[in-house]
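Peer 1: For reference, the sequence and a predicted model appear below.
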Amino acid sequence: MSIFQFLLIAVIVIAAALAVKFLPGERSLALKRIFAILFVIVAALAILFPSALTVVANFFGVGRGTDLLLYVFIIMMLLFAVATVRAKARSDARVTELARAVALIEARAREERR
Amino acid sequence: MNPALSGDLRGLNDDAWVVIPLYNEAQVIGDVVSGLLPLFSNVVCIDDGSRDGSGRIAEAAGARLVTHPINLGQGAALQTGFEYALERGARFVVTFDADGQHRVEDAVVMLERARSEDLAIVFGSRFLDDRTKPGILKKIVLKTAVWVTNLTTRTRLTDAHNGLRVIREDALSRIKLRQDRMAHGTEIVVQLGRTGLPYAEQAVEVIYSDYSKAKGQSLLNSVNILIDLIIR
């Protein structure tokens, strides 16, 4: 194992551990944790045995393992972007409800003072 | 107008609330409110986080004021106004733009029509007669918007993005505007159409003053309206 491979694996393990620790949600938490552990195992294998990644890439009709990695990366980024946009929309809707409630309470209080 | 008559008219309309979404219209909001008050006793401005003191001017002119702590968009302001009016037992809500492009007389006629014809919704339309003179580009955009709206809703309208509407309390309680800053003009039509309640369109005049022309919806905003209509 080269130093770079060691570093890569260390970074992935730390990132996965942090992500698991701060993931929100009760219901899907166990599933997310299983995915994170699987991801770490697969990533470590791909780092230690790059030629295995090329075999998988060839199976899907992609020339090199690094190319496959790039394609998967792009797809994951798109999914991440969509998930983030949706999460933000939900959060905006909550802020709207909150701000409306504040505005109406304030108006009620002001009219009572008159 | 003679004071006794206007007193009577105010009394006639005291079951109605005029809801004005207000965002940075300090120049004109005072006149808009004082134009409404002789005929409508209940006028509420929803100040959507204005930075130019519009809210204080509206209040000084005699309107009730509800202030969003942050800017939420016109659709959200309308929804706040609906909830405010329903809380106070409104039977009708009149939505009215803050920039002075609507005529108070049109609002009175629409409210009268909702009462006499037992309508839950009266939409204002600038295309039912030839009083309004929009530019050719604006006309194309608005006509396309209403065409797509009619395709995607159960309503048959001639002007979907007109801020002047009369909505009865039973229709109000069945709608909930969610799109914060998008084409709420469409969303309100979609949701009102879904109620299946009786509606009509009333010819109104939209006054394109230099002020409203300068502030008015840009062409880019029309692109937004169209995309919001298609992707829902």
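Peer 2: Arrived safely. Residues are numbered from 1 along each chain as shown, chains lettered A, B, ... in the order given.
Peer 1: Contacts only, for the nearest residue to B:Gln74 once chain neighbours are set aside.
Peer 2: Distances taken as CB to CB, 6 or more residues apart in numbering or on different chains put B:Pro21 closest to B:Gln74, at 4.8 Å, once the chain neighbours are dropped. C-betas here are computed from N, CA, C, even on glycine. Counting by CB atoms under 8 Å, 6 or more residues apart in numbering or on different chains, B:Pro21 makes contact with B:Ile46, B:Asp48, B:Gln74, B:Ala77, B:Leu78, B:Gly81, B:Thr95, B:Asp97, B:Ala98.
Peer 1: Please list the members of these that lie in helices.
Peer 2: Cross-referencing the contacts of B:Pro21 against helices under DSSP state H gives B:Gln74, B:Ala77, B:Leu78, B:Gly81.
Peer 1: tally of neighbours for the first one?
Peer 2: When you say that, I think you mean B:Gln74. Look at B:Gln74: counted by other CB atoms under 10 Å in any protein chain shown, it has 24 neighbours.
Peer 1: From B:Gln101, how far out is it?
Peer 2: Per CB to CB, to the nearest Å, B:Gln74 is found 14 Å from B:Gln101.
Peer 1: now the third one
Peer 2: Relative to B:Gln101, B:Leu78 is positioned 16 Å away (CB to CB).
Peer 1: What of the second one?
Peer 2: Taking CB to CB as the measure, B:Ala77 and B:Gln101 are separated by 16 Å.
Peer 1: Now the most centrally placed residue in chain A: which helix or strand?
Peer 2: In chain A, the centroid-proximal residue (CA atoms, centre = their mean) is A:Phe80; its distance is 6.1 Å. Here A:Phe80, judged by DSSP states H and E, is contained in helix A:65-113.
Peer 1: Skipping adjacent residues, who's closest to A:Leu68 in space?
Peer 2: That would be A:Ala57: by CB to CB, 6+ apart, it lies 3.8 Å from A:Leu68.
Peer 1: Just give the number of residues close to the one you found.
Peer 2: Neighbours of A:Ala57 (other CB under 10 Å): 19.
Peer 1: Now do the same contact list for it.
Peer 2: Contacts of A:Ala57 by CB under 8 Å, 6+ apart are A:Gly63, A:Arg64, A:Gly65, A:Asp67, A:Leu68.
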